[in-house]
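K.L.:
any chance you can model this:
(chains A and B)
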There are 2 protein chains.
Amino acid sequence: VYIVSDLERGKEPILAFTGDTLLVGDAGRPDLFPDQKEELAVKLYASLRRIEEIGDNVEVYPAHGAGSLCGKALSSKLSSTIGTERMHNPALNIHPEEAFVRTFLEGMPEAPDHFSRCSEINRIGAPPVYLLKRPTAYGPREFLDLAQSGHLVVDTRDQLPFAAAHIPGAYGLSLKGNFATFSGWILPPEKPILLVTDSPNEYQAALRGLHSVGLDRVVGYLDGGMDAYEDSGYRTARLECISIVELKERMDAGELLVVDTRLKSEYDKEHIAGTLHAAAPDVRMRYKEWEKDKTLAFICNTGNRSLLAGSLMLNLSCMDTVINVIGGTTAWAKLGYPIVKGD
Amino acid sequence: VYIVSDLERGKEPILAFTGDTLLVGDAGRPDLFPDQKEELAVKLYASLRRIEEIGDNVEVYPAHGAGSLCGKALSSKLSSTIGTERMHNPALNIHPEEAFVRTFLEGMPEAPDHFSRCSEINRIGAPPVYLLKRPTAYGPREFLDLAQSGHLVVDTRDQLPFAAAHIPGAYGLSLKGNFATFSGWILPPEKPILLVTDSPNEYQAALRGLHSVGLDRVVGYLDGGMDAYEDSGYRTARLECISIVELKERMDAGELLVVDTRLKSEYDKEHIAGTLHAAAPDVRMRYKEWEKDKTLAFICNTGNRSLLAGSLMLNLSCMDTVINVIGGTTAWAKLGYPIVKGD
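P.N.:
Coordinates of the predicted model:
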């Protein structure tokens, strides 16, 4: 934690950079290094005790915010004050130490693969982005050859065009979803990456997202985008998209095996009866369970995480028909269809 | 034909507005009114004789150009001169009158439905666009209700997102294709139209295109676009997209009935062996022929006309699996696959 004073006005602290300790609405995660997690939780408890004494007026600027998996209850506000956090942040109000440690080690969100990796990168220091080799533009033939010889293909397009046609083996990582987190989570960091994007803006956004999770090995992109690949005539893969209305009909008819790919906490809170749970990245470990004769459908809240799950399933399993449910659990709830609620 | 002089420089004509008579590389179509076609062809021959005497220096500005079906051999250049046309335009070099009449009544391109309709509109005078009622924004529920009660749904999105998910009954009229011509050709003019577009720019382009073919009854559009509809959970329809590589495999395995939806002249010039021909709009008349047990695939040169054909097939037939081939005959040729050539 860095504490800052404005010496022109006085020596009293006016703001604090709290890093991974005090966050807005939450605190950092001590559970990410399983070997040391109790020790880290105890240290975090002690750190928070010192931080809350800095003074209620002091502004708080943490290193993580909403949309990441860096906490359980992160606020969408990016900064706060010590006073406000003392009043409203549960992490500052769990005592004694034993209770705090238990809370911060149990029921934590899934830990994306890049969390432990990035700690190491941050310790050493990441290379400056401007020193990275600029990605190369590849035509469809070269691009496909590289894809087939071990390069990862990251396709950032929207769920509908990706579902209709994508390069076989591509990861469906739409920029409309939580692109950086899921890229860091599921992409093997040692492999070179190729990008398929819809526009130069999306290409830049994808690069930034990958850099932010320590994935610097972007070696190329598809020149002319998917249009150029379509014009080449080379093979494409696809997911079938179905609406919630059709999902319900086909579930009622017993035709589908439906896997909910949101986080465990979201599923536990409420889900559609008869659906299984597996966070999208877990398809990597669990795909064999679902290679049965029933048609497999993935759902999330909107269609982006289920798109990723569907693309992983196509890549790993022997199935060539996989369904992505569009509209997701949000649309299911909107239609007033029945939901199983947790505690 | 209007002949224009620049009186500040002299009385000699310097340019001519040739309307539907002399076009760049071609002449107008006398065949569009079957009852009078011989008479019109004879009159056209006489008109061209008078036009070619105006003077080689005179600039020619016709009322139609490339991309339309207003001629067989329209140049992509929008204007020309009498001298250049006398030198290179076949329409000015077919004699005697009998030969000209024969040439201009035989082997003419398909005549879109709106050609005869628009002649009448042009004679009366179309209403000014600014006097038309402004289309209404409809949410998904109202939009779907209107679609199910006789409104036409025109979806202008690209082929991939349309194929992945569209409102049941929608016409797949991508703005990437020849939007205005095919809209005029296949949309019943007496019915109110609803638009699904990706952006305000595309919405404006679609409106302009529809107005240009005399379709002024656009009563509404989908508020929030297809994203909003996806979020509603309501039913969607889909086409399956396959690449040329997969098309060839499945044709070789005898699995597919493939219909080439380009114009007859394009098909006659070269086509894939084993494909049938039907211009996309003719699906309206011929869909019953193809409701067999083989899977039906539509192809054109790029995927836009076959998309339209696929959407017509879904709307009219009892089939719920229809394939759109992406990349089209252009990609087929690029891959060096065998082609049947005409004379």
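
K.L.:
now the residue lying closest to residue A:320 once chain neighbours are set aside: how far from chain B?
P.N.:
Leaving aside its sequence neighbours, residue A:320 sits nearest to residue A:314 (C-beta to C-beta, 6 or more residues apart in numbering or on different chains; 7.1 Å). Bear in mind the C-beta positions are built from the backbone N, C-alpha and C, glycine included. Residue A:314 sits at a distance of 14 Å from chain B (criterion: C-beta to the nearest C-beta, to the nearest Å).

K.L.:
how about the longest helix along chain A: buried residues?
P.N.:
Longest helix in chain A by number of residues, with DSSP state H as the criterion: helix A:37-51. By neighbour count with 16 or more other C-beta atoms under 10 Å in any protein chain shown, helix A:37-51 contains the buried residues A:37, A:40, A:41, A:42, A:44, A:45, A:47, A:48, A:51.

K.L.:
could the residues you listed be laid out in TSV, adding pLDDT and distance to residue A:183?
P.N.:
Listed next are these as TSV, based on pLDDT from 0 to 100; distance: C-beta to C-beta, whole Å:
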residue	pLDDT	distance to residue A:183
A:37	90	25
A:40	93	26
A:41	94	28
A:42	95	33
A:44	95	27
A:45	95	33
A:47	95	30
A:48	95	31
A:51	94	32
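
K.L.:
which residues in the stretch 151-300 of chain A form strands?
P.N.:
All strands of the stretch 151-300 of chain A, identified by DSSP state E, counting those that start in this stretch, fall at A:152-155, A:171-172, A:193-196, A:218-222, A:240-242, A:256-260, A:270-271, A:276-277, A:295-299.

K.L.:
any chance of those in JSON lines, plus mean neighbour count and distance to chain B?
P.N.:
As requested, these are exported to JSON lines (neighbours: other C-beta atoms under 10 Å in any protein chain shown; distance: least, C-beta to the nearest C-beta, whole Å):
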{"stretch": "strand A:152-155", "mean neighbour count": "23", "distance to chain B": "12"}
{"stretch": "strand A:171-172", "mean neighbour count": "26", "distance to chain B": "12"}
{"stretch": "strand A:193-196", "mean neighbour count": "24", "distance to chain B": "12"}
{"stretch": "strand A:218-222", "mean neighbour count": "21", "distance to chain B": "14"}
{"stretch": "strand A:240-242", "mean neighbour count": "23", "distance to chain B": "5"}
{"stretch": "strand A:256-260", "mean neighbour count": "23", "distance to chain B": "14"}
{"stretch": "strand A:270-271", "mean neighbour count": "17", "distance to chain B": "16"}
{"stretch": "strand A:276-277", "mean neighbour count": "14", "distance to chain B": "20"}
{"stretch": "strand A:295-299", "mean neighbour count": "24", "distance to chain B": "11"}
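
K.L.:
by mean pLDDT, flag the weakest helix or strand of chain A.
P.N.:
Ranked by mean pLDDT, DSSP states H and E, the helix or strand of chain A with the weakest confidence is helix A:114-124, at a mean of 82.

K.L.:
give me the contact list for that helix.
P.N.:
Helix A:114-124 is contacted from outside by A:29, A:32, A:33, A:69, A:184, A:185, A:189, A:213, A:214, A:215, using C-beta atoms under 8 Å, 6 or more residues apart in numbering or on different chains.

K.L.:
quick one: buried ones out of the residues you listed?
P.N.:
Buried among those (16+ other C-beta under 10 Å): A:29, A:32, A:69, A:184, A:185, A:189, A:213, A:214, A:215.

K.L.:
ok, now how distant is the residue lying closest to the fifth one once chain neighbours are set aside from residue A:122?
P.N.:
Read it as residue A:185. The shortest distance from residue A:185 to any non-neighbouring residue, by C-beta to C-beta, 6+ apart, is to residue A:112 (3.5 Å). Distance, residue A:112 to residue A:122, by C-beta to C-beta, to the nearest Å: 15 Å.

K.L.:
low-confidence ranges, chain A, go.
P.N.:
By pLDDT under 70, the low-scoring segments of chain A are A:343.

K.L.:
just want the angle from the lengthiest strand in it to helix A:37-51.
P.N.:
For chain A, the strand with the greatest residue count under DSSP state E is strand A:13-19. Orientation of strand A:13-19 against helix A:37-51 (axes from the mean of the first three to the mean of the last three C-alpha atoms, to 10 degrees) gives an angle of 170 degrees.

K.L.:
just checking: what are the partner strands of whichever helix or strand comes after strand A:13-19?
P.N.:
Later in the chain than strand A:13-19, the nearest helix or strand by DSSP states H and E is strand A:22-23. In the sheet, strand A:22-23 lines up against strand A:26-27 (antiparallel) (DSSP bridges).

K.L.:
return the residues of chain A in contact with chain B.
P.N.:
Residues of chain A that fall close to chain B, judged by C-beta under 8 Å from any C-beta of the partner chain: A:158-161, A:163-165, A:226, A:230-236, A:238, A:240-246, A:302-303, A:326-327, A:330-332, A:334-335.

K.L.:
and these, which of them are buried?
P.N.:
With burial judged by 16+ other C-beta under 10 Å, the buried subset of the residues of chain A next to chain B is A:158-161, A:163-165, A:226, A:230-236, A:238, A:240-246, A:302-303, A:326-327, A:330-332.

K.L.:
next step: those restricted to helices.
P.N.:
Per DSSP H, these map to helices at A:159-161, A:163-164, A:226, A:230-232, A:244-246, A:330-332.

K.L.:
list the contacts for residue A:6?
P.N.:
Residue A:6 neighbours (C-beta under 8 Å, 6+ apart): residue A:14.

K.L.:
host element of residue A:100?
P.N.:
Following DSSP H and E, one finds residue A:100 within helix A:97-105.

K.L.:
next, the buried residues of that helix.
P.N.:
A:100, A:101, A:103, A:104, A:105.

K.L.:
likewise for stretch A:207-214?
P.N.:
Neighbour counts over stretch A:207-214 (16+ other C-beta under 10 Å) mark A:207, A:209, A:210, A:211, A:212, A:213, A:214 as buried.
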